[in-house]
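**Q** Here is a sequence with its predicted model. Questions after.
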Amino acid sequence: MVNDPIGDMLAQIKNATLAGKSRVVLPHSKLRQRVAEVIRQEGFLESVEKTGTDPKSQLVITLRYNGKEPVITDIKRKSKPGLRVYVNKRSIPRVLSGLGVAIVSTPKGIMTGREAKKLGVGGELVCELW
């Protein structure tokens, strides 16, 4: 059993990009799907889709490449089950001077740090990627 499903998902995406794989297949959950959708909307993933029926449904994530180079350079999990990291709207980090993305879980849903600042909300800093 996985204690940190988001951390596991991010590690599998990172390992697949380093190995040159084209896609990652994971057990489906709404949280994983929403985090993957935010990453896709920012242009780091090609597609995210749910396959199968609900007790055994899977999340298929297709990775994006520029030629043979992966678009995702690195992913860092910030808030972990043993140490949660919360930020207010003023302390949401800028990743690589705006080239990367911070993903924040807010009361209004999971979104990028930029969107959270625009809406004036803070929350749990899930991860940073570039």
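**A** Ah, there it is.
**Q** Going by C-alpha atoms from here, please, whenever you check contacts or count neighbours.
**A** Fine.
**Q** Mind checking what secondary structure the closest residue to residue 112 other than its chain neighbours has?
**A** Spatial nearest neighbour of residue 112, excluding adjacent residues (Cα to Cα, 6 or more residues apart in numbering): residue 103 at 4.5 Å. Of the three states, residue 103 takes strand according to DSSP: H, G, I helix; E, B strand; the rest coil.
**Q** Work out for me the element the residue nearest to the spatial centre of the chain sits within.
**A** Most central in the chain under Cα atoms, centre = their mean is residue 35, positioned 4.4 Å from the mean C-alpha point. Taking DSSP states H and E as the definition, residue 35 sits inside helix 30-41.
**Q** what comes into contact with that helix?
**A** With Cα atoms under 8 Å, 6 or more residues apart in numbering as the test, helix 30-41 has contacts from 5-6, 9, 45-48, 59, 61, 103, 110-112.
**Q** most surrounded residue in those residues?
**A** residue 103 (26 neighbours; other Cα atoms under 10 Å).
**Q** measure it to residue 110 for me?
**A** Residue 103 sits 7 Å away from residue 110, taking Cα to Cα, to the nearest Å as the criterion.
**Q** now do residue 50
**A** Residue 50 is 18 Å from residue 110, by Cα to Cα.
**Q** how about residue 11, phi and psi?
**A** Per-residue torsions, residue 11: phi -70, psi -40 (degrees, to the nearest 10).
**Q** now do the one 10 residues further on
**A** Torsion angles at residue 21 (phi, psi; degrees, to the nearest 10) stand at phi -70, psi 160.
**Q** okay, now it: neighbour count?
**A** Around residue 21 there are 14 residues (other Cα under 10 Å).
**Q** Tell me the bridge partners for residue 59.
**A** Beta-bridge pairing for residue 59 (DSSP bridges): residue 26, residue 50.
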